[in-house]
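Engineer: the following comprises the amino acid sequence and a computationally predicted model.
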Amino acid sequence: MSTKVSDHVLERLRAWDVEQVFAYPGDGINGLLAAWGRAGDKPRFIQSRHEEMSAFEAVGYAKFSGRIGVCAATSGPGAIHLLNGLYDAKLDHVPVLAIVGQTDRSAMGGSYQQEVDLHTLYKDVASEFVETVTVPEQLPNVLDRAIRTAYARRCPTALIIPGDVQELDYSPPTHAFKMVPSSLGVSEWTATPTDEALRRAAEVLNAGDKPAILVGQGAAGAVAEVREIAELLGAGVAKALLGKDVLSDELPYVTGPIGLLGSRPSYELMRDCDTLLTIGSSFPYAQFLPDFGKARAVQIDLDPHMIGMRYPYEVNLVGDARATLQRLIPLLETDRGGREWYDTVAANVRRWHETMDRRAGLAADPINPEYVARALDPLLPDDVILTADSGSVANWYARHITMRPGMRGSLSGTLATMGPGVPYAIGAKFAHPDRPVVALVGDGAMQMNGLAEMITAAKYRDRWPDPRLVVAVWNNQDLNQVTWEMRAMEGAPSFLPSQEIPDVRYADFARSLGLEGIRVEKSEDVAAGWRAALAADRPCVIEFLTDPAVPPIPPHATWEQMEATAASVLRGDPDRGSVVKQGLKAKVQEFLPGRNRR
């Protein structure tokens, strides 16, 4: 039997060590589906409930494995459905390959059923590389380039294969004019700045008295070097949310997350520092960085297209974080005098942890959402992988989860789209089937995407040696983050037709699938609920009935924002009594010494 184009596509994916493809079937990829049957399901076809979930699962797999994530979908609607997940990959700089079908070549331009101009559609999301295969000889070059580009540029790429092309006999490119041969693999490579650039960076860092470091996901391969330079400079280290798992939160100088979802010590670190070193981060919110002109600054980033933005950096070092720091550290002064700045940063961190304890300990009706995350924190396994969804739950993940060495975590950092929490977790389980995974999601995201993907978890649970996949739902029947943004930014009360959502029995749904389901309705049962979920012998959904009136107060909340919130309440917010009470209680915890207060 002859080898078809579709057979060669799967063969080439196997040669690139692709072990699974997250996908959903459709007649636009019938040729590929037939090839999967002939190939004995290698690479494995992982069936989601929706193409968007396939893309999110590929992103989650790539984030937690360090390898390319691959997704596939049919032509027209299937290809369109992939887009949100692919944009998530683009904005968070994750290597993903999308393989999509297309109508037969003979029907193109004929306004045929499900005919969409996919090349134009994908030209933005897969801007680094998108190609339509029209003849077999284009392979393997276009597939190899798509994979190499995804790795090198840390981006999504796309391969569009018309249905009739999938079923053509494969013939490789020949040694002839206008043929493009190809080869497998790419060596590891490291970029480093010039000696002169490193010398200028060292001069800036040596001149500072109050240094701050901001790390993002680009610093993940330089943990030891980041620690060394932080301790050498006596610097505090703040973390962009995509870099939350880069450095342990147990270190006394790590101030935690930065930004609207950040910590008070990170805000103070940036407000008061006179020197800033940014490593592997493109954190976009300049208002959370030092005032322009107040601090001298150096940036390190591997991507020359992403460097020099966000802040007026004096020296921009293009290079791999680990290799660049290894060359920079010997140029720094070892005798830096007093420790007043370091001691101040460490004291601010201790005070923040005390504040978080007090805020989590406040009474709420029925359960304080901060307490749910705080109670989980000490129970997390050392090798856990955490995913967080967008919404108010991202605040609790950012502020209450203590990252320790060996733990991993991520969320939709730049697109901040709703719904990736559960599919990320499923992708993580395929990346590390022997590790526990915990997804932290709001009820809005669970209703949007999570419920259906629990069916996917049930379908594949037997493939995971460690059965622990815990999906935790903060059930408050409110699209809470937007509700609070309306109050704080617009001075508008909660608009119930848009913000109120149905009360779904998430635990019951999980049990209907043969999974574990736990419903927690009282504060005193939270810790026991977490222990039961983490000990379950199968994927588990645990839902907590939480109070929507507990505000995700930003660390820098201005009086103007607090006044706007108060004004919205007075103008008729349906939950105005609880909002005032919880908001004042939460904010005042920053000014109280000592133990928890209720």
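Structural biologist: On my side now, so go ahead.

Engineer: may I have the distance across stretch 124-132, first residue to last?
Structural biologist: 15 Å (Cα to Cα, to the nearest Å).

Engineer: buried set for it?
Structural biologist: Within stretch 124-132, the residues scored as buried using 16 or more other Cβ atoms under 10 Å are 125-126, 128-132. Every C-beta, even on glycine, is put in place using the N, C-alpha and C of the backbone.

Engineer: quick one: mean pLDDT for it?
Structural biologist: In this model, stretch 124-132 has a mean pLDDT of 98.

Engineer: what's next to that stretch, contact-wise?
Structural biologist: By Cβ atoms under 8 Å, 6 or more residues apart in numbering, the residues outside stretch 124-132 that reach it are 83, 86-87, 90, 98, 102, 118-119, 122-123, 138, 142, 145-146, 149-150, 153, 155-162.

Engineer: type out the ChimeraX command that picks the buried ones from those.
Structural biologist: To isolate the buried members of the contacts of stretch 124-132 in ChimeraX, using 16+ other Cβ under 10 Å:
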select :83,86,87,90,98,102,118,122,138,142,145,146,149,150,153,155,156,157,158,159,160,161,162
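
Engineer: rounded mean pLDDT for stretch 432-451, please.
Structural biologist: For stretch 432-451, mean pLDDT is 97.

Engineer: what does stretch 101-116 give?
Structural biologist: 83.

Engineer: next, the buried residues of it.
Structural biologist: Those buried within stretch 101-116 under the rule 16+ other Cβ under 10 Å are 101-104, 107, 114-116.

Engineer: which of those residues fall within strands?
Structural biologist: Judged by DSSP state E, strands contain the following of those: 101-102.

Engineer: got the buried residues of stretch 101-116 as TSV, with distance to Ser392 columns?
Structural biologist: Listed next are the buried residues of stretch 101-116 as TSV, based on distance: Cβ to Cβ, whole Å:
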residue	distance to Ser392
Gly101	39
Gln102	41
Thr103	43
Asp104	48
Ala107	47
Gln114	39
Glu115	42
Val116	36
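
Engineer: now for the buried residues of stretch 101-116: which two are most distant?
Structural biologist: Asp104 and Val116 (13.8 Å; Cβ to Cβ).

Engineer: any regions of the chain where pLDDT drops low?
Structural biologist: Within the chain, the ranges that satisfy pLDDT under 70 run 488-489, 555-598.

Engineer: grab the most central residue of it for me.
Structural biologist: Closest to where the C-alpha atoms of the chain average out (Cα atoms, centre = their mean) is Leu411, at 2.5 Å.

Engineer: now do the contacts for the nearest residue to it once chain neighbours are set aside.
Structural biologist: The shortest distance from Leu411 to any residue other than its chain neighbours is 4.2 Å, reached at Ala388 (Cβ to Cβ, 6 or more residues apart in numbering). Listed by Cβ under 8 Å, 6+ apart, the contact partners of Ala388 are 394, 397-398, 409-411, 421, 439-441.

Engineer: what's stretch 310-321 in contact with?
Structural biologist: 190-193, 197-198, 200-201, 204, 218-219, 221-222, 225-226, 276, 278-280, 282-284, 286, 289-290, 292-293, 296-304, 307-308, 324, 328.

Engineer: same thing but at 7 Å, please
Structural biologist: In this structure, residues lying in contact with stretch 310-321 by Cβ atoms under 7 Å, 6 or more residues apart in numbering are 190-193, 197, 200-201, 204, 218-219, 221-222, 276, 279-280, 282-284, 286, 289, 292, 296-302, 304, 307-308, 324.

Engineer: okay, how far is it across it, tip to tip?
Structural biologist: 18 Å.

Engineer: what residues sit buried inside that stretch?
Structural biologist: Under the neighbour-count criterion of 16+ other Cβ under 10 Å, stretch 310-321 has 310-311, 313-321 buried.

Engineer: now swap in stretch 54-61 and tell me
Structural biologist: So for stretch 54-61, counting by 16+ other Cβ under 10 Å, buried means 54-61.

Engineer: and if you look at stretch 202-211?
Structural biologist: With burial defined by 16+ other Cβ under 10 Å, the residues of stretch 202-211 counted as buried are 202, 204-205, 208, 210-211.

Engineer: cross these against helices and list the overlap.
Structural biologist: With DSSP state H as the criterion, helices contain 202, 204-205 from among those.

Engineer: picking up where we left off before, I'd like the buried residues of stretch 54-61 as a markdown table, with secondary structure and distance to Val94 appended.
Structural biologist: Compiled in a markdown table, the buried residues of stretch 54-61 are given as follows (DSSP: H, G, I helix; E, B strand; the rest coil; distance: Cβ to Cβ, whole Å):
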| residue | secondary structure | distance to Val94 |
| --- | --- | --- |
| Ser54 | helix | 14 |
| Ala55 | helix | 11 |
| Phe56 | helix | 11 |
| Glu57 | helix | 12 |
| Ala58 | helix | 9 |
| Val59 | helix | 5 |
| Gly60 | helix | 9 |
| Tyr61 | helix | 9 |
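
Engineer: and the buried residues of stretch 124-132, which is closest to Pro552?
Structural biologist: So of the buried residues of stretch 124-132, ranked by how close each gets to Pro552 (Cβ to Cβ), first place is Val125, at 30.2 Å.

Engineer: please enumerate the helices of the stretch 1-150 of the chain.
Structural biologist: Counting by DSSP state H, counting those that start in this stretch, the stretch 1-150 of the chain has helices at residues 5-15, 30-38, 51-65, 77-81, 83-92, 118-125, 141-153.

Engineer: okay, these in TSV with distance to Met270 next?
Structural biologist: Putting the helices of the stretch 1-150 of the chain into TSV (distance: least, Cβ to Cβ, whole Å) gives the following:
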stretch	distance to Met270
helix 5-15	44
helix 30-38	50
helix 51-65	26
helix 77-81	40
helix 83-92	22
helix 118-125	32
helix 141-153	30
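
Engineer: out of those, nearest to Val504?
Structural biologist: Closest approach to Val504 among those (Cβ to Cβ): helix 51-65, 18.4 Å.
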